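> sequence below, structure please.
(one chain, ligands or ions: 1)
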Amino acid sequence: MAAPNKHENVECSLNTDNGAAPHSPIVNKPTCIIVLGMAGSGKTSFVQRLTHHLHAKKIPPYVINLDPAVLDVPFPANIDIRDTVNYKEVMKHYSLGPNGGIVTSLNLFATRFDQVMNFIESKSKECTYVVLDTPGQIEVFTWSASGTIITEALASSFPTVIVYVLDTPRSVNPVTFMSNMLYACSILYKTKLPFLIVMNKIDIISHSFAQEWMTDFEAFQNALEHETSYVSNLTRSMSLVLDEFYMTIKSVGVSATTGEGFDEFLSKIDDATVEYDKEYRPMYEKLRSEKTHKEEAEKQKQRESFYKDHFGGDIPVKSDLLESVSTRVVLEQPTEEGSDEEELTQNTDDANTLEEESFRRYLDARRQQQSKKVIKKDSQS
Ligand SMILES: Nc1nc2c(ncn2[C@@H]2O[C@H](COP(=O)(O)OP(=O)(O)OP(=O)(O)O)[C@@H](O)[C@H]2O)c(=O)[nH]1
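Prediction:
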């Protein structure tokens with residue numbers, strides 16, 4: 001069991017100087033592994049074992065804990081939501097129950113996720129895998145706005161894979177198995193990302209029965225013979241529907257307790273990374289560019305209404321004046337360390353000059369308009 005480590009709010013201190021060459025199929029981009037699963041399926045134990053396994057292989061991962069309510073994080077987390085959001089304070093402040101507190105904490109954290117993206121980006125060359133543990137209650141992540149924001153942010157910049165942890169011993173019941181699969185299926189279609197089912201706890205029972213049910217419809221129907229409840233009829237019909245889902249889905253059996261199956265898991269993650277690159281990346285890149293365009297259009301709209309309000313619509317919105325100002329702002333580059341103050345003064349001076357210039361142009365334009373009006377009046381009278 002990996003010893004709990006003092007995690008850092010912002011830094012990746014663990015994943016350097018190991019001499020290991022990243023082996024991700026996509027050069028210079030870590031694969032983000034989002035770990036989801038029903039409460040108690042073993043997500044945290046799985047992340048703990050995976051972290052341990054990767055450290056042993058000298059490929060230390062970048063680990064992020066997104067569960068604000070967990071008491072102890074049993075793996076060395078580089079970023080821990082609990083350092084940013086105090087779940088108990090959130091509950092108290094907003095008079096929420098435990099689940100509302102978790103959802104709100106995750107929402108608050110999502111507003112800062114751009115910073116997390118910057119940290120991952122800065123470690124892109126050193127880290128091969130970024131592992132994210134999610135809250136115990138699966139719906140908090142899968143059906144919340146913040147879960148979608150986090151998933152889309154990751155997937156539009158890095159190869160991202162959804163790992164669904166299944167409690168194998170609990171799934172020996174075909175109805176429970178089917179419920180789990182329906183849930184997995186809904187997440188697959190919602191996230192539109194490569195998806196891997198991790199059948200955990202195979203030290204208790206082999207996952208071969210579950211894999212057989214996924215590939216052999218008859219075998220599953222036979223297992224249902226013993227079920228007499230009305231749910232079994234529904235399950236029987238649903239298994240027909242899930243056939244296509246089973247055909248596209250990858251699965252692997254692991255034990256977070258013994259470490260069995262983790263090499264196979266990594267090899268499937270690498271396959272999923274290639275799959276992301278081929279099939280999903282174009283879609284997410286399009287999504288990102290659409291988002292950028294939408295934001296640009298929104299800014300343009302705000303600028304237009306600003307100029308309308310301040311110049312009464314007399315000056316055409318697309319004037320060279322507006323263009324020169326907006327380009328200046330958009331093209332602003334981050335300054336070198338140590339020269340911030342100097343650059344800031346320079347920028348402020350530039351901005352003042354621009355403002356003066358534009359104001360002068362505005363006055364000239366008004367003067368010209370006025371004189372045109374006067375000439376027109378004179379000629380009429
Ligand atoms: N035998 C066995 N037990 C396991 C394995 N993985 C997890 N467990 C046990 O399953 C229980 C739940 O594990 P957790 O890792 O806390 O599960 P979780 O999904 O993170 O739980 P929540 O986040 O609280 O919903 C614990 O008692 C673990 O010791 C495994 O591979 N084998």
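> using PDB, write out every CA atom in stretch 42-61.
Presented in PDB, the C-alpha positions along stretch 42-61 are these (Å, rounded to 0.1, in the frame of the first residue of the first chain):
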ATOM      1  CA  GLY A  42     -13.000   0.100  -5.600                       C
ATOM      2  CA  LYS A  43     -12.100   3.400  -7.500                       C
ATOM      3  CA  THR A  44      -9.800   4.700  -4.900                       C
ATOM      4  CA  SER A  45      -8.100   1.300  -4.300                       C
ATOM      5  CA  PHE A  46      -7.700   1.000  -8.100                       C
ATOM      6  CA  VAL A  47      -6.100   4.500  -8.400                       C
ATOM      7  CA  GLN A  48      -3.900   3.700  -5.400                       C
ATOM      8  CA  ARG A  49      -2.700   0.400  -7.000                       C
ATOM      9  CA  LEU A  50      -2.300   2.000 -10.400                       C
ATOM     10  CA  THR A  51      -0.200   4.800  -9.000                       C
ATOM     11  CA  HIS A  52       1.900   2.200  -7.200                       C
ATOM     12  CA  HIS A  53       2.300   0.100 -10.300                       C
ATOM     13  CA  LEU A  54       3.300   3.100 -12.500                       C
ATOM     14  CA  HIS A  55       5.900   4.200  -9.900                       C
ATOM     15  CA  ALA A  56       7.300   0.700  -9.800                       C
ATOM     16  CA  LYS A  57       7.600   0.900 -13.600                       C
ATOM     17  CA  LYS A  58       9.300   4.300 -13.400                       C
ATOM     18  CA  ILE A  59       6.500   6.000 -15.200                       C
ATOM     19  CA  PRO A  60       5.100   8.100 -12.300                       C
ATOM     20  CA  PRO A  61       1.600   9.500 -13.100                       C
END
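> buried sites along that stretch?
By neighbour count on 16 or more other CB atoms under 10 Å, the buried set for stretch 42-61 is 42-55, 59-61. C-beta coordinates here come from the backbone N, C-alpha and C atoms, glycine included.
> over to stretch 101-118?
Within stretch 101-118, the residues scored as buried using 16+ other CB under 10 Å are 101-110, 116-117.
> tell me which of the buried residues of stretch 42-61 fall in helices.
43-55 (DSSP state H).
> and which of the buried residues of stretch 101-118 is nearest the ligand?
residue 102 (10.7 Å; CB to the nearest ligand atom).
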